[in-house]
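Chemist: Following is a predicted model, sequence given first.
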Amino acid sequence: MKQSLFESRHQPDWQRFAELLDALEHGKAESKACEAFASDYRRICQQLALAQERGYSSHLVDPLQHLAMRGHQQLYRHRSQLGAHLLSFVLADFPRLVRTQWRFVLVASLLFFGSLIGIGLLVYFFPDLVYSVVSPAQVTEMESMYDPTARRIGEAATRGSSEDWMMFGYYIMHNIGIAFQTFATGLLFGVGSLFFLFFNGLMIGAVAGHLSGIGYGQTFWSFVIGHGAFELSAIALAGAAGLKLGWALLAPGPLPRSEALRLAAKVSVRLMCGVMLFLLIAAFIEAYWSSMTSFQPLTKYLVGACLWGLVGAYLIFAGRSGHAPD
């Protein structure tokens, strides 16, 4: 292809990309234009390579090379900004967001932890009550998982391999499934989130009360106390995110329900991003620390207490120097 034809064919694309670069460099680019930036940049690089391969004149190659260099700088600049935004979310924005939604967090926590503690105490003092919440087969499985004589704690024998990385993946999928179920059912005017918060609290509490009552308490509590700080907090926060959606449908105020739900979803989805991070940490601790039997229970209790304190301090104090997110 002749240089003149090549230039006339692609000149509009180069002009458009140059204008986008100008806007990016001055912080005035629209979001829709930014979405196509990566593909436009790749196209410029391909056209530069073609121009160099075909031996086109420097009057064409040099401006293309300059565009490609400017595009490269913008690409990696925005990648670094993405990393900075992610770090800011983890260190400050997420805990601030949790505090702005304290009413939903409070309701979800009271329902979840209240049902967990309440049924746990009832099952501990009235052992047969466990079978009204948990099936006999599940009770037997839980007893085998937390038997003090087991080589690895917290793993069912029927599940096969005890490789830590496999259990890590299993815990992630299992926990995310519970959290997403608790969150998404908030669209049923909040009833679904209320139900699953209560249900999960009952299930966990009944198992805890039963295992404590039959003498497996030290094995059970030393296992769950570490990862429980992140996992149980995540379930409560997922419930709060679901209640946020449900409340937007029940009490949209002056807004149409669709608009109220859209605004609530922006907040709830950000909450769920933090929940996913908590569940990832919980799965890592559960797979690589909780199931280990080489440490004394006292050590695990101390580590677990530190983790609970860390989660509490993070949610209460992190990001207080900045402004609350919208």
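Modeler: Thanks, I have the structure now.

Chemist: Over to residue 148. Which of the three states is it?
Modeler: Using DSSP: H, G, I helix; E, B strand; the rest coil, the structure places residue 148 in coil.

Chemist: Kindly provide the distance from it to residue 171.
Modeler: Distance, residue 148 to residue 171, using CB to CB, to the nearest Å: 22 Å. Heads up, the C-betas are built off the backbone N, CA and C, glycines and all.

Chemist: More neighbours: which of these two?
Modeler: With neighbours defined as other CB atoms under 10 Å, residue 148 and residue 171 compare such that residue 171 has more, 22 against 12.

Chemist: tell me what the helix or strand that one falls within is packed against?
Modeler: Using DSSP states H and E, residue 171 falls within helix 164-184. When contacts are defined as 3 or more CB pairs under 8 Å, 6 or more residues apart in numbering; DSSP states H and E, helix 164-184 sits against helix 191-213, helix 217-250, helix 257-285.

Chemist: pull the CA atoms of it into PDB?
Modeler: In PDB, the C-alpha atoms belonging to helix 164-184 read as follows (Å, rounded to 0.1, in the frame of the first residue of the first chain):
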ATOM      1  CA  ASP A 164      -4.100 -26.800  51.500                       C
ATOM      2  CA  TRP A 165      -4.500 -25.100  48.100                       C
ATOM      3  CA  MET A 166      -7.500 -27.300  47.300                       C
ATOM      4  CA  MET A 167      -9.100 -26.500  50.600                       C
ATOM      5  CA  PHE A 168      -8.300 -22.800  50.000                       C
ATOM      6  CA  GLY A 169     -10.300 -22.900  46.700                       C
ATOM      7  CA  TYR A 170     -13.100 -24.800  48.400                       C
ATOM      8  CA  TYR A 171     -13.400 -22.300  51.200                       C
ATOM      9  CA  ILE A 172     -13.400 -19.400  48.800                       C
ATOM     10  CA  MET A 173     -16.300 -20.800  46.700                       C
ATOM     11  CA  HIS A 174     -18.300 -22.000  49.700                       C
ATOM     12  CA  ASN A 175     -18.000 -18.700  51.600                       C
ATOM     13  CA  ILE A 176     -18.700 -16.500  48.600                       C
ATOM     14  CA  GLY A 177     -21.800 -18.600  47.800                       C
ATOM     15  CA  ILE A 178     -23.100 -17.900  51.300                       C
ATOM     16  CA  ALA A 179     -22.300 -14.200  51.200                       C
ATOM     17  CA  PHE A 180     -23.800 -13.700  47.700                       C
ATOM     18  CA  GLN A 181     -26.900 -15.600  48.700                       C
ATOM     19  CA  THR A 182     -27.300 -13.400  51.700                       C
ATOM     20  CA  PHE A 183     -26.700 -10.200  49.700                       C
ATOM     21  CA  ALA A 184     -28.700 -10.900  46.500                       C
END
